[in-house]
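In: Mind folding the following:
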Amino acid sequence: MGYAIAQSLVDKLMADGVPDGAGVLQINGSPTDAAAGLIRDGVHRSLEGSVYKTLSEFDTPDWAPPKAQEWTAGQITRFGGDIMGIVAANDGTGGGAIAALKAAGVDPLPPVTGNDATIAALQLIIAGDQYNTISKPSEIVAEAAAKVAKTLLDGGTPEATSTLYDTPSQLFVPAVVTQENIKAEIFDKGIQIPDEVCTGEYAEPCKTMGITQ
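Out: Numbering: from 1, shown residues only. Predicted structure coming up:
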């Protein structure tokens, strides 16, 4: 997931003609969360293989959005217009970064990533404030887990399609969601319904994007 969101951002910067050597910020999750470490390593793999440089990096205590916002505000003061993108490990930290950018009057906003496809993040993507998020529907994993359980109950051996940390596993590729595919990945698949997302100020952009009529 970390590689996917960061690579999506790198591809966006390159498509927009952002020059080699431009800088991005990296906002990681909690330093005490093993999953955050895996996401961080994926981000590193993408950014270190890109033409862009990491201006600064932050491990967000408890994944707390206010902490991400506070840190980002300091980096805006420090780097200003040199910040061409922000890789945030989840939607909460990404939302904190966006809040800091808006509070500082940054316009236009640099692309900011996320992860989890929360309603708030989907609304920010629809509004053009957040660049991407990751959709990893629990239904996919739940269905696979149910099949494994049934196979075991029937006396069979579940089929592993890969190995992770010496453990037979099935791995799924999450979808990177941007404005370009949000309708297909989120609404057409029924992961969220327009009535829950396309509210208030987001109603008109949803119509423009064809999510609602």
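In: could you show me where the helices are in the protein, in order?
Out: When assigned using DSSP state H, the helices of the chain occupy the ranges 2-15, 34-48, 65-79, 91-103, 119-127, 138-153, 182, 194-197, 203-208.
In: Check the offset of the fifth one from the chain's centre.
Out: What that stands for is helix 119-127. Put simply, helix 119-127 sits 12 Å off its chain's centre (Cα atoms, centre = their mean, to the nearest Å).
In: what domains does the record give for this structure?
Out: Per automatic domain parsing, the domain ranges recorded for the chain read 2-136+174-208, 138-169.
In: Present those as CSV; the columns should include mean pLDDT.
Out: Putting those into CSV (pLDDT from 0 to 100) gives the following:
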stretch, mean pLDDT
domain 2-136+174-208, 97
domain 138-169, 89
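In: looking at these, which is buried most?
Out: Neighbour counts averaged per stretch over the domains of the chain are highest for domain 2-136+174-208, at a mean of 19; criterion: mean count of other Cβ atoms under 10 Å. All C-beta atoms are positioned from the backbone trio N, CA, C, and that covers glycine.
In: what sits against residue 79?
Out: Residues in contact with residue 79, defined by Cβ atoms under 8 Å, 6 or more residues apart in numbering, are 23, 25, 55, 56.
In: Closest one to residue 150 out of those, please.
Out: residue 25 (45.5 Å; Cβ to Cβ).
In: Return the distance of that closest one relative to residue 124.
Out: Relative to residue 124, residue 25 is positioned 17 Å away (criterion: Cβ to Cβ, to the nearest Å).
In: And residue 140, by the same measure?
Out: Residue 140 sits 24 Å away from residue 124, going by Cβ to Cβ.
In: Could you do residue 137 as well?
Out: Taking Cβ to Cβ, one finds residue 137 at 20 Å from residue 124.
In: tell me the contacts of the closest residue to residue 29 other than its chain neighbours?
Out: Distances taken as Cβ to Cβ, 6 or more residues apart in numbering put residue 36 closest to residue 29, at 2.9 Å, once the chain neighbours are dropped. Shown here is residue 36, whose contacts under the criterion Cβ under 8 Å, 6+ apart are 28, 29, 30, 59, 63, 89.
In: Can you flag which of those residues belong to strands?
Out: 28, 59 (DSSP state E).
In: Now tabulate the contacts of residue 36 in a markdown table and tack on distance to residue 111.
Out: As requested, these are exported to a markdown table (distance: Cβ to Cβ, whole Å):
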| residue | distance to residue 111 |
| --- | --- |
| 28 | 18 |
| 29 | 19 |
| 30 | 23 |
| 59 | 22 |
| 63 | 21 |
| 89 | 15 |
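In: Looking at the chain, name the residue that lies furthest from the middle.
Out: residue 155 (39.4 Å; Cα atoms, centre = their mean).
In: contact partners of stretch 131-148?
Out: For stretch 131-148, contacts defined as Cβ under 8 Å, 6+ apart pick out 1, 4-5, 8-9, 12, 85, 91, 94, 111-118, 121-122, 125, 158, 170, 172, 174-178, 185-186, 189, 191.
In: err, stretch 159-170, not the other one
Out: 144, 148, 158, 171.
In: Now render those residues as TSV, adding distance to residue 106.
Out: Formatted as TSV, the contacts of stretch 159-170 follow (distance: Cβ to Cβ, whole Å):
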residue	distance to residue 106
144	42
148	47
158	49
171	37
